[in-house]
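**Q** With the sequence up front, the predicted model follows.
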Amino acid sequence: MKPTSPDVLALPTVSEALELPVLRRGKPRVVAGASGLDGRVRWVHVAEIADIAPLLSGGELVLTTGIALPEEPAQLVRYVDELAAVGASGLVVELVRRWRDRVPTALVDAAHRHDLPLVTLSEETKFVAVTEAVIARIRDAQLAELRATHAIHETFTALTTSGAEPASVLREAARIAGRPVVLETLAHQVLAYDSAGQDPVALLAEWAERSRSVVQSGRTSYDPDQRWLTTVVGARGDDWGRLVMLGPEPPHRHVVVAERAASALAVNRLATRDRESLERQTHRTLITELLAGNADTADLAARSAGVGVPLDGPLVGIAVRPHTTTTVAPALETQQVLRDLAEATALAARKAKLPVLVGVVDDVTVQALVALRAPEADAVLTRLAAEVRRSAGTHSLQVVVAVGSVVGSIAGARRTLTEAAQVAEAALHIDDGGREFHRLDDVRLRGLLHLLRGDERLIAFAERELGPIMSNERLLDALRSLCRHGGNKSAAAAAAHLSRTAYYAQLARIEQLLGVSLSAPESLVSLHVALLARDLHSGS
């Protein structure tokens, strides 16, 4: 694996130099070393003497008429050997003054052996004009490279100062370079990527194994076997990742793109370290796309496998809700609570040795998608939920843990995640009964009503049943207490902290306004359902 050189510019190749009009007029013919025509021309040197090699530094296209070259084949071979040894990019011989029809066989054979392009010109050519044309081409290439580099620096400076997310940085790097770009951890797990239009499944296939085979040499280096340009991401002494750009050996500007993208990612990590780990960001993106339900599942599965969470077996969605939400805490404080919960959930899954995606998906919920590996799903989930509660308890948090139905593949991920979130919201308002986690069966009527809470017919039913007292919170609380105690007026009065006389008076007022008897079981059930529907709809 060789380090990249900042001096490699988009110089013209020997083939491109031969296309210049001044050389085309000389009727050039490649007689040896055609495989070296892609070599870069750093300079043009006119030389008639045989011992020119010590005066060269590599990359020169040597022009000669051959008038001062030796006659002996061995000396001609030595001449070519020395040019190849110093890294000359090619040799151009004008067939006018020394050789008329062809150059000596010894010269051709030596050039073939070194893959050194040997070109003959059958027409007299002004070498000074060739020098001027090629050097002008080199100067233009250098100027274009400088302009491109400047534009790259401006682009990534803007991304850095705007606090762009990793996905935006990688997208811009892939756009400029036209190559796939992948951000991985030092443990070879994919955090983010942009496939630049290529098949993402193929791009990420066996990623960890391929990545381990590429040993980093220096901060930025290129592995010609894997065709990976890699650069370390992070501040020196605190490196945490590696950016990989895939493709043939890159020009200098692509090296600049990779290094500036790595710098932008490092700055973003420093800026967001106190807000959310990069792993949580990556997991959150995957869960959000699963919930959206419009992404390619094969792509999502490949990306998830890239971060070390294979979703190739039974899956179950989990939702964790703290009892502290934005209704009672400042938004920033609540977000910190949720980030702590996400990390606690991820830690609990690691302790249970379960592959899991964990992320904060909204202002009130942490969601996880667990790949089950044990046949005893309930026992595994019980241990996981207990660990989450225990971790939350160390932060003085009370949480609700809800679980969706087990699904067979990633195609059902959206359903189990959605169900878990719905159960968690409903479970916030019921007694957990000592359960470590809730399922839809556990929230019973409240769970059903939660699923139907947006149904206009249910809203209309609640309004019809409670109409006259809908805005009277005092009477609603009295009715709520009676329903919670199964129609036991004495217990309901005690729970409401009212004397029986005062409480019974409120119940009488409810009966009068609604025109029903609260002693009738069907009336009480109907009012209880309406009350639950009303509370769910209003967010109580």
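**A** Cool, the structure landed.

**Q** Flag every buried residue along stretch 104-114.
**A** Within stretch 104-114, the residues that count as buried by 16 or more other C-beta atoms under 10 Å are 104, 106-108, 110-112, 114. Yep, even glycine has a C-beta here, placed from its N, CA and C like the rest.

**Q** Cross-reference these with the helices and report the matches.
**A** 106-108, 110-112, 114 (DSSP state H).

**Q** Reformat the buried residues of stretch 104-114 as JSON lines; add pLDDT.
**A** Below are the buried residues of stretch 104-114 laid out as JSON lines (pLDDT from 0 to 100):
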{"residue": "104", "pLDDT": "91"}
{"residue": "106", "pLDDT": "91"}
{"residue": "107", "pLDDT": "92"}
{"residue": "108", "pLDDT": "92"}
{"residue": "110", "pLDDT": "93"}
{"residue": "111", "pLDDT": "92"}
{"residue": "112", "pLDDT": "92"}
{"residue": "114", "pLDDT": "93"}
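
**Q** Just the residues contacting the helix or strand containing residue 465, thanks.
**A** Secondary structure assignment for residue 465, by DSSP states H and E: helix 456-466. Helix 456-466 is contacted from outside by 449, 452, 470, 476, 514, 526-527, 529-531, 533-534, 537, using C-beta atoms under 8 Å, 6 or more residues apart in numbering.

**Q** chain center to it: distance?
**A** How far helix 456-466 lies from its chain's middle: 46 Å, per C-alpha atoms, centre = their mean, to the nearest Å.

**Q** Tell me the helix or strand right after that helix.
**A** Assigned by DSSP H and E, the successor of helix 456-466 is helix 473-484.

**Q** Give the buried residues for that next one.
**A** 475-476, 478-483.

**Q** so which of those residues would you say is closest to residue 216?
**A** Nearest to residue 216 among these is residue 480, at 63.9 Å by C-beta to C-beta.

**Q** Not counting sequence-adjacent ones, nearest residue to that closest one?
**A** residue 531 (5.9 Å; C-beta to C-beta, 6 or more residues apart in numbering).

**Q** measure the one you found to residue 445 for me?
**A** In this view, residue 531 and residue 445 are 11 Å apart by C-beta to C-beta, to the nearest Å.

**Q** follow-up on the earlier one: between the buried residues of helix 473-484, which is nearest residue 208?
**A** residue 480 (55.1 Å).

**Q** Verify the stated contact: the closest one with residue 532.
**A** No - Residue 480 is beyond contact range of residue 532, at 9.2 Å (criterion: C-beta atoms under 8 Å).

**Q** Greatest separation within the contacts of helix 456-466: which pair is it?
**A** It's 452 and 514 that sit farthest apart of the contacts of helix 456-466, by C-beta to C-beta, at 22.5 Å.

**Q** And the residue nearest the centre of the chain, how far from residue 278?
**A** Nearest to the mean C-alpha position of the chain, counting by C-alpha atoms, centre = their mean, stands residue 192 at 1.7 Å. In this view, residue 192 and residue 278 are 8 Å apart by C-beta to C-beta.

**Q** Between residue 531 and residue 445, point out the one with more neighbours.
**A** residue 531 (21 against 13; other C-beta atoms under 10 Å).

**Q** Next, that one: secondary structure please.
**A** helix (DSSP: H, G, I helix; E, B strand; the rest coil).

**Q** can you map out the helices along the stretch 351-500 of the chain?
**A** 377-393, 413-427, 440-451, 456-466, 473-484, 489-495, 500-514 (DSSP state H, counting those that start in this stretch).

**Q** Show me what counts as buried in the second one.
**A** If I follow you right, that is helix 413-427. Buried, per 16+ other C-beta under 10 Å, within helix 413-427: 413-414, 416-427.

**Q** follow-up on the earlier one: can you redo the buried residues of helix 473-484 as JSON lines with pLDDT and distance to residue 522?
**A** Below are the buried residues of helix 473-484 laid out as JSON lines (pLDDT from 0 to 100; distance: C-beta to C-beta, whole Å):
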{"residue": "475", "pLDDT": "91", "distance to residue 522": "20"}
{"residue": "476", "pLDDT": "89", "distance to residue 522": "20"}
{"residue": "478", "pLDDT": "90", "distance to residue 522": "20"}
{"residue": "479", "pLDDT": "89", "distance to residue 522": "15"}
{"residue": "480", "pLDDT": "88", "distance to residue 522": "18"}
{"residue": "481", "pLDDT": "89", "distance to residue 522": "20"}
{"residue": "482", "pLDDT": "90", "distance to residue 522": "15"}
{"residue": "483", "pLDDT": "87", "distance to residue 522": "13"}
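
**Q** want to try TSV for these, with distance to residue 398 as columns?
**A** Shown next, in TSV, are the buried residues of helix 473-484 (distance: C-beta to C-beta, whole Å):
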residue	distance to residue 398
475	30
476	25
478	27
479	27
480	22
481	23
482	27
483	24
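
**Q** Spatially, which two of those residues are the most separated?
**A** Across these (C-beta to C-beta), the longest gap, 12.6 Å, separates 475 and 483.

**Q** quick one: which of residue 452 and residue 514 has more around it?
**A** Comparing residue 452 with residue 514 by other C-beta under 10 Å, the one with more neighbours is residue 514, at 19 against 13.

**Q** isn't the more buried one right up against residue 469?
**A** Yes - contact criterion C-beta under 8 Å: residue 514 and residue 469 qualify, at 6.8 Å.

**Q** Check the spacing between residue 131 and residue 356 real quick.
**A** 66 Å.

**Q** Please parse this protein into its domains.
**A** 2-135, 162-273, 279-451, 456-538 (automatic domain parsing).

**Q** With respect to residue 141, which of those domains lies nearest?
**A** domain 2-135 (4.9 Å).

**Q** and for residue 192 and residue 278, which residues touch both?
**A** Contacts common to residue 192 and residue 278, judged by C-beta under 8 Å, 6+ apart, are residue 166.

**Q** ok, residue 423 - contacts?
**A** 319, 402-404, 438-440, 442-443, 447, 450.

**Q** For those residues, which entry has the maximal number of neighbours?
**A** If you rank the contacts of residue 423 by neighbour count (other C-beta under 10 Å), residue 402 sits at the top with 30 neighbours.

**Q** OK, contacts around that one?
**A** 318-321, 420-424, 427, 437-439.

**Q** Mind putting those into a markdown table with distance to residue 139 and pLDDT?
**A** Formatted as a markdown table, the contacts of residue 402 follow (distance: C-beta to C-beta, whole Å; pLDDT from 0 to 100):
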| residue | distance to residue 139 | pLDDT |
| --- | --- | --- |
| 318 | 62 | 92 |
| 319 | 63 | 91 |
| 320 | 63 | 90 |
| 321 | 65 | 88 |
| 420 | 64 | 89 |
| 421 | 62 | 88 |
| 422 | 67 | 83 |
| 423 | 69 | 86 |
| 424 | 66 | 85 |
| 427 | 72 | 80 |
| 437 | 70 | 86 |
| 438 | 72 | 84 |
| 439 | 72 | 84 |
